[in-house]
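A.B. asks: Below are the sequence and a predicted model for it; my questions follow.
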Amino acid sequence: MGTMVREVGVAVVAALDAAGYMGSTIGQYRKSIRALERLAQKQGGVYTPGLGADFSAMTTSPRTGKFSAQRRFDYGRLVSLFDSYVLTGTVTLAARKRSGGGYGLQSGEFIALMTAWSDEMEQRGLAVATRGTYGRMARDYLVYLEAVGVTSLNVAGGASVFGFLDSLQGRWAQSAMWSVASSFRPFLKFTRRRDLLDAVGMANARRHHGIVPTLRDADEQLVVRACAEGKVSARDAAITLLALVTGLRACDLIALHLNDIDWRGFTIGIVQAKTGNPLTLPLLPMIAGKLADYVLNERPASGDAHVFLRSAAPHVALADHASIYVVATKMFRAAGVKDVKAGTRALRHNAASKLLRAGTPLPTISAVLGHASPDSTTVYLSMDAEHLRACVLPLPQGAVR
């Protein structure tokens, strides 16, 4: 008799618990295990690698009827643990990235295409963050093609582009679809498939230019006070203050290394992930104090050189932008700030707003925010209400009111 799904599931959950994984994460694993048990009932509840492959291929959400990237990730990571147990007798909890081996693709043609696209982006000298964004969008499209039974780009038509963009609707806000399309176009240009490129244009993903939101002065004071009074961990306080004061991007906060901090000179020196440009920023005493408190007293013991690590096992660098958003949301809640969408974007805009109100020239703000082009800074003019009012012309005498 083979190894039972229930038996392997118990071993997986025990390994996750022993490694200190969060209860919510273990709960998600339990949910996937129950789904695998239901599938295994057809063969007496026995687990085999073949069953695992079938389970991993169940990427369609029963709720929406569409391809689900989250479902694919959850089922895939569980199968990798089950396979490791069946083959070695132990559960291997090595960090597993969402891309997976071979970019998470099965088709040899698609794997070769992704490799060529990665090489092309590197040769063009694109920033690491840009390569990551373009690469993820290309990979997600190819994963979608495999999910609908297409394993060669030669047989993919314009309808596949519409289907792919439609599958993202649940994960992306409508206002963000312009960014999705912009990150998708470079890959389609690389494939030289004009029909696919035209399909993206026909999708009519428009850019939204909303007025950039900022924090009220009272809310900003509440956040700073909460950081100073220790209402959250030193790690979360340091991350929030860095974003609030310096306007650092989430990717740069995640990538910050211990040797990027000049403790004697009270500065931080980095190479920006998005632009590849060097940037040196002053380290205010409060921020330096929170950083020191975190590094000396709170930071888990780890060989990882990144400054900010996961507080729960495995103690590695924070995963992505969502990790920073969770930190900011927790900080705002602890500070009692309501009706404000947390995140480094809001804090970054707030930093720009304060510089504008202080009369700082746009080129200087551009340098502080790390923009590749000063033109990128002009969007922040929309939130400088005081100076915008000064541009309003009075109505001529006798004009209709």
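C.D. replies: Alright, I've got the coordinates.

A.B. asks: mind showing which ranges of the stretch 101-250 of the chain have poor pLDDT?
C.D. replies: For the stretch 101-250 of the chain, applying pLDDT under 70 flags the ranges 101-103, 127-129, 170-176, 204-214.

A.B. asks: Quick one: the helices in it, in order.
C.D. replies: 108-123, 128-147, 158-167, 177-191, 194-202, 217-228, 234-246, 250-255 (DSSP state H, counting those that start in this stretch).

A.B. asks: for those helices, which one ends up most surrounded?
C.D. replies: helix 234-246 (a mean of 25; mean count of other C-beta atoms under 10 Å). The C-beta positions use only the backbone N, C-alpha and C, and glycine is treated the same way.

A.B. asks: Show me what that helix is packed up against.
C.D. replies: For helix 234-246, the elements it packs on are helix 217-228, helix 250-255, helix 285-293, helix 321-335, helix 344-357, judged by 3 or more C-beta pairs under 8 Å, 6 or more residues apart in numbering; DSSP states H and E.

A.B. asks: The helices of the stretch 101-250 of the chain: which one's closest to Y75?
C.D. replies: Minimum separation from Y75 across the helices of the stretch 101-250 of the chain (C-beta to C-beta) falls at helix 128-147, 12.3 Å.

A.B. asks: what does that closest one contact?
C.D. replies: 59-60, 67, 69, 72, 99, 103-107, 110, 113-114, 117-118, 121-122, 126, 151, 153, 156, 160-161, 163-164, 167-168, 180, 183-184, 186-187, 251, 273-274, 276 (C-beta atoms under 8 Å, 6 or more residues apart in numbering).

A.B. asks: Okay, angle between it and helix 194-202 too, please.
C.D. replies: Angle, helix 128-147 to helix 194-202, by axes from the mean of the first three to the mean of the last three C-alpha atoms, to 10 degrees: 110 degrees.

A.B. asks: ok, the nearest residue to I254 once chain neighbours are set aside - contacts?
C.D. replies: Take I254 and drop its neighbours on the chain: the residue closest to it by C-beta to C-beta, 6 or more residues apart in numbering is L318, 4.9 Å away. Neighbouring residues of L318 by C-beta under 8 Å, 6+ apart: L253, I254, H306, F308, L309, R310, I324.

A.B. asks: hang on, D339 is in a helix, isn't it?
C.D. replies: No. Under DSSP: H, G, I helix; E, B strand; the rest coil, D339 falls outside any helix and is assigned coil.

A.B. asks: what about it, neighbour count?
C.D. replies: When neighbours are defined as other C-beta atoms under 10 Å, D339 has 7 of them.

A.B. asks: cool, and V13?
C.D. replies: 18.

A.B. asks: how close does it get to R34?
C.D. replies: 11 Å (C-beta to C-beta, to the nearest Å).

A.B. asks: go on, G89?
C.D. replies: 23 Å.

A.B. asks: what's the answer for G27, then?
C.D. replies: Taken as C-beta to C-beta, the span from G27 to R34 is 11 Å.

A.B. asks: now A328
C.D. replies: Counting by C-beta to C-beta, the gap from A328 to R34 is 33 Å.

A.B. asks: ok, now V8?
C.D. replies: Counting by C-beta to C-beta, the gap from V8 to R34 is 13 Å.

A.B. asks: The two: who's more crowded?
C.D. replies: V8 (22 against 11).
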